[in-house]
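J.: Build the 3D model from these lines:
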Amino acid sequence: MLGRSIGRGRSASLRPGGTATARMGLKFDYESLAQQRIQRLFSHHHGLHLVLSRYISSDPLPRKGSRALRIAYRLAALLGSAVVVLGIGIVGFFIYDASTYATEHANQREVDVAALALNPRHGGPKNLPILEVCLDDNDSESMRRQKEKPRLVILGGGWGAVSLLKELEPENYHVTVISPKNYFLFTPMLPSATVGTLGLRALVEPIRRIIHAVGGHYVRAQAENVDFQSRLVEVSQTDCNGNEQRFYVPYDKLVIAVGSVTNPHGVKGLEHCHFLKDINDAREIRNKVIQNLELACLPTTSDDERRRLLSFVVCGGGPTGVEFAAELFDMLNEDLIQLFPKLLRNEISVHLIQSRDHILNTYDETLSKYAEDRFARDQVDVLVNSRVREVHPDSIIFTQKQDDGTIVTKQLPMGFCLWSTGVSQTPFCKRLAAKLGSAQTNRHALETDTHLRLNGTPLGEVYAIGDCATVQNNVADHIVSFVKRSLTWKHGASAVDTDPSKLHLRFNDWRAIAEQVRKRFPQATDHLKRLDKLFAEYDRDKSGTLDFAELRELLVQIDSKLTSLPATAQRAHQQGQYLAKKFNALARAVNSGRLIRELAKAEETPDVDAAVYKAFDYKHLGSLAYIGNSAILDLGHGRGFAGGLWAMYAWRSIYFAQSVSFRTRVLMAMDWAKRGLFGRDLMSY
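T.: Here you go, the predicted structure:
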């Protein structure tokens, strides 16, 4: 054998008196000896001996059978492995599912509940019960520790409130959320739920599940008023007997995030319209659309009545109205023609009424034009420069401005009308604005400073975020404060005694004032990039200084360029995150003693928020809109893109990533898959 012959040849060279050549090849001889020993170990097993001989040979193994048979064998192996893995996954899922069911009843034990939680004391201006202790304050050790923490009360369960809760560090505050709805609604995808593209459950997440992460408490009630002096929130709820019950909830910090309502614009007959603000609105819209389609199929329905039933009108050319019109068109073209008589498709009409000269007027004009061209191709009737005057049960009356400037009144038959024309204050916010008087001058939202503190309330106690609030841009109103701070910084405290209106500021003084403006009003930063150019422009008398009047004119001009922040989910989300980070920083500063040191350095009235955290700076990340198997994305400053299916998948991916939980993401993916496999859900319920 090959192995045996090699072994014998090499062992001979190791005998005493071997040749000089053998002795010089000592390394080779050691290897031969090792090979010989291995050969002896396997010499009694002929099969293993053959394997060893084959290992030494360099000839390839002989292959039997055709190539197709080998490929089939490998595919069968892969398929079998996949089946095994899938089977293991299914078995593992059922084992996990079985573990989620309680096989035994939980042990009954006494629960430690404070007496004030069961029988709250009465007090406040109206002598109402005060929720000082919650029923679950003693449910765990961590919740017991939070009882002595500052009370943080959040009104509302929308984007601002939820983003605050998700970023808030546990055990820093005793958190209570008050909202009439016990779920968070993912509003950007709400139009998809109106036509069955997504299920309603894919858009909602229980508030209690979100609050659980910070050990908070939830009260299902409606905020009615706030006593800022006593720091009490008055809330109401209907009990099991149908009677309204009112009580107080005390707070140390209050965050108002109650959202907004649809703006009626003084139009009559809106009771005949549908709105799209809540999950119940989406359900009612779906039922109405399906009902109209079914009624149009009846033999007793006349041609005129059928055309009226199939006339869908959308009032408002913003993102909500445009996306609903696009989703409705998709349903009519992808599912209606499959399941309903084809006559209905010829009779259906979709109309979009917009008061401006473009739909999506807050987007770049190029993208708005793309959306209009897309709708024109899809036979969606876009009526621009049109204003609704009155809505009747079976028609809508509107005026339209012609190209020559004349105003023409028109009447449009309709079987369904969606009203989506901006937002307005809730009754609760109107009551607060009236109570705060001259500190609140905006008729559409509550005014806050750049730290999101509600104007007219004690600093650091009440905040307002989301659609219910607007950040007040009043740079010029703080001119005296800016001048005094800059003079104190440069000339010392004695300069404050000088009348600022009589001073003349040099460029270095102006640069110090600009730094104060940037710090207090971050949104003005973009307008303060060329300080030398601004200084030269407003130095009217070319004296090399700015007097008080010239400085005021400069700041007023900056004021005019600062626009209100958009009432979008993106803005509310950023404000909620901002407040959470600020509250976390405040808690850390208090615990470490840094807050006391910072306030000791203050030269004016102490501002706790400003000492610990910077002012709110909104960063616009872009605006999305779905326009019927295509989408547009406006990034601002003339940047954006629009496209077909690839843009639609990008739009889906962005909102999929922003969804509030893993649960809602899974449900979204499943609903999109069901739409592709089985079509939309066209049932009314």
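
J.: Domain-wise, how is this protein divided?
T.: What automatic domain parsing lists as the domains of the chain is 2-99, 118-180+220-260+425-473+568-619, 270-424+621-678, 474-563.

J.: With Ile211 as the reference, name the closest of these.
T.: With CB to CB as the criterion, Ile211 lies closest to domain 118-180+220-260+425-473+568-619 of the domains of the chain, at 5.8 Å. Placement of C-beta: from N, CA and C, glycine included.

J.: Tell me how far that closest one lies from the chain's centre.
T.: Relative to the centre of its chain, domain 118-180+220-260+425-473+568-619 is centred 20 Å away, using CA atoms, centre = their mean, to the nearest Å.

J.: pLDDT of it, averaged?
T.: Averaging pLDDT along domain 118-180+220-260+425-473+568-619 gives 90.

J.: Ok, stretch 306-325 next?
T.: 94.

J.: secondary structure class for Ala610?
T.: Three-state call for Ala610 (DSSP: H, G, I helix; E, B strand; the rest coil): helix.

J.: nope, Val113 is what I meant
T.: Reduced to three states by three-state DSSP, Val113 is coil.

J.: could you measure the closest residue to His358 other than its chain neighbours against Ser355, distance?
T.: Among residues not flanking His358 along the chain, Ser368 sits closest, at 4.3 Å (CB to CB, 6 or more residues apart in numbering). Per CB to CB, to the nearest Å, Ser368 is found 14 Å from Ser355.

J.: same check, this time on Asp139
T.: Look at Asp139 and Ser355: by CB to CB, they are 53 Å apart.

J.: swap in Val133?
T.: Val133 sits 52 Å away from Ser355, going by CB to CB.

J.: same deal with Pro191?
T.: Separation of Pro191 from Ser355 (CB to CB): 20 Å.

J.: quick one, which of the two is more surrounded?
T.: Shown here are Pro191 and Ser355; by other CB atoms under 10 Å, Pro191 has more neighbours (26 against 20).

J.: so who does the more buried one touch?
T.: Pro191 makes contact with Leu276, Thr320, Glu323, Phe324, Ala326, Glu327, Tyr626, according to CB atoms under 8 Å, 6 or more residues apart in numbering.

J.: Restricted to helices, list these.
T.: Judged by DSSP state H, the contacts of Pro191 include Thr320, Glu323, Phe324, Ala326, Glu327 as members of helices.

J.: quick one: the second one and Tyr626 touch, right?
T.: So that's Glu323. Yes. Using CB atoms under 8 Å, Glu323 is in contact with Tyr626, at 4.8 Å.

J.: beta partners of the residue nearest to Gly123 when sequence neighbours are not counted?
T.: Among residues not flanking Gly123 along the chain, Ile130 sits closest, at 5.3 Å (CB to CB, 6+ apart). Using DSSP bridges, the beta-bridge partners of Ile130 come out as Tyr248.

J.: To what extent is Ile130 buried, counted in neighbours?
T.: Ile130 has 18 neighbours, counted by other CB under 10 Å.

J.: And Asn473, by the same measure?
T.: Asn473 has 19 neighbours, counted by other CB under 10 Å.

J.: Roughly how far does it sit from Ile558?
T.: Shown here: Asn473 relative to Ile558, a distance of 9 Å by CB to CB.

J.: hey, what's in contact with both of the two?
T.: Ala524.

J.: What segments of the stretch 251-400 of the chain are strands?
T.: 253-256, 261-262, 311-315, 349-353, 380-383, 386-391, 395-401 (DSSP state E, counting those that start in this stretch).

J.: swap in the stretch 1-150 of the chain?
T.: Under DSSP E, counting those that start in this stretch, the stretch 1-150 of the chain gives strands at 122-123, 128-129.

J.: On the three-state scheme, Ala650 is what?
T.: Counting by three-state DSSP, the backbone at Ala650 sits in helix.

J.: mind listing what it touches?
T.: Ala650 makes contact with Ala631, Leu633 under the criterion CB under 8 Å, 6+ apart.

J.: Output the below-cut-off pLDDT ranges for the stretch 1-150 of the chain.
T.: Across the stretch 1-150 of the chain, the stretches falling below the confidence threshold (pLDDT under 70) are 1-65, 102-108.

J.: Skip the chain neighbours and tell me the closest residue to Gln338.
T.: That would be Gly679: by CB to CB, 6+ apart, it lies 6.7 Å from Gln338.

J.: for Leu232, that is, sorry about that
T.: Ranked by CB to CB, 6+ apart and with sequence neighbours excluded, the top spatial neighbour of Leu232 is Tyr248, at 4.3 Å.

J.: Also Ala615?
T.: Residue nearest to Ala615 in three dimensions, not counting chain neighbours: Thr450, with 3.9 Å by CB to CB, 6+ apart.

J.: how many other residues sit next to that neighbour?
T.: 21.

J.: Quick check, it in contact with Val471.
T.: Yes. Counting by CB under 8 Å, Val471 is a contact partner of Thr450 at 6.1 Å.

J.: Give the full set of residues in contact with Thr568.
T.: Contacts of Thr568 by CB under 8 Å, 6+ apart are Ser623.

J.: any idea how far Gly156 is from it?
T.: Separation of Thr568 from Gly156 (CB to CB): 16 Å.

J.: where along the stretch 151-300 of the chain do the helices fall?
T.: Taking DSSP state H, counting those that start in this stretch to define them, one finds helices in the stretch 151-300 of the chain at 159-167, 190-193, 207-211, 279-296.

J.: what comes into contact with the longest one?
T.: Defining contact as CB under 8 Å, 6+ apart, one finds that helix 279-296 is touched by 183, 185, 190, 193-196, 200, 203-204, 274-276, 301, 306, 309-310, 312, 328, 331, 336, 340, 344, 347, 415-416, 418, 682-685.
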